[in-house]
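>>> here is my input; please provide its structure:
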Amino acid sequence: MKSGFAMISAIMLLVLISTLGMFAMKLSQDNTEKIVTLYLREQTELHTTSAIQMTLLEIANKGYGTECVNEFNTTLDDIYQVEVKVYYIFDSNNSNCRMFDTTSSEQNGTVILDVNVQVTDENILPEKISYSKRVIEKL
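As a prediction, the model looks like this:
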């Protein structure tokens, strides 16, 4: 009778330890996914700032006379897809640019940038991470 009770106690102890181990593994996996998601979200916000600066540099390089930058698309770090749409506010009429008419002289020489950065690699996370921002910049 004693050896049977000891065997049952040992089996119950093994089941309890394995259950606790599985719980710890699941908790560790959940925390890892949360950390990766948080990291990727922060990176998309930082890449948005970089995309704004790169677009303004491209506008400065090409000028806004005859050749306009209406869109700026690139891939950063092989997993971030960047899309920027550019709208110009000028008092001139250039058919190559996406233009808004100005209502005052203070608005002249301004651009509106619609920036969207998203993670394109589904192997990292199954959910889609995307960050959008609209910026008004004076040239």
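
>>> list the contacts for the one residue sitting closest to the centre of the chain?
With distances taken as Cα atoms, centre = their mean, residue 44 lies nearest the centre of the chain, 2.9 Å away. By Cβ atoms under 8 Å, 6 or more residues apart in numbering, the residues touching residue 44 are 80, 117-119, 129-131. Any C-beta I mention is one placed from the backbone N, CA and C, and that applies to glycine too.

>>> ok but it is inside a helix, no?
Yes. Assigned with DSSP: H, G, I helix; E, B strand; the rest coil, residue 44 falls within a helix.

>>> which one is it nearest to, not counting chain neighbours?
In space, and not counting its chain neighbours, residue 44 is closest to residue 131: 4.1 Å by Cβ to Cβ, 6 or more residues apart in numbering.

>>> could you point out which element follows the helix or strand bottoming out on mean pLDDT in the chain?
Every helix and strand in the chain was compared by mean pLDDT, DSSP states H and E; the lowest is strand 99-101, with a mean of 70. As assigned by DSSP states H and E, the chain's next helix or strand after strand 99-101 is strand 110-119.

>>> helices and strands around that next one, which ones?
Contacts defined by 3 or more Cβ pairs under 8 Å, 6 or more residues apart in numbering; DSSP states H and E place strand 110-119 against helix 2-62, strand 80-90, strand 130-138.

>>> just the C-alphas of stretch 9-20, formatted as PDB.
Below are the C-alpha coordinates for stretch 9-20, written out as PDB (Å, rounded to 0.1, in the frame of the first residue of the first chain):
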ATOM      1  CA  SER A   9       2.500  11.000  -5.300                       C
ATOM      2  CA  ALA A  10       5.500  10.900  -7.600                       C
ATOM      3  CA  ILE A  11       3.200  10.900 -10.700                       C
ATOM      4  CA  MET A  12       1.200  13.800  -9.400                       C
ATOM      5  CA  LEU A  13       4.400  15.700  -8.600                       C
ATOM      6  CA  LEU A  14       5.600  15.200 -12.200                       C
ATOM      7  CA  VAL A  15       2.300  16.300 -13.700                       C
ATOM      8  CA  LEU A  16       2.400  19.500 -11.500                       C
ATOM      9  CA  ILE A  17       6.000  20.300 -12.400                       C
ATOM     10  CA  SER A  18       5.300  19.800 -16.200                       C
ATOM     11  CA  THR A  19       2.100  22.000 -16.000                       C
ATOM     12  CA  LEU A  20       4.100  24.800 -14.300                       C
END
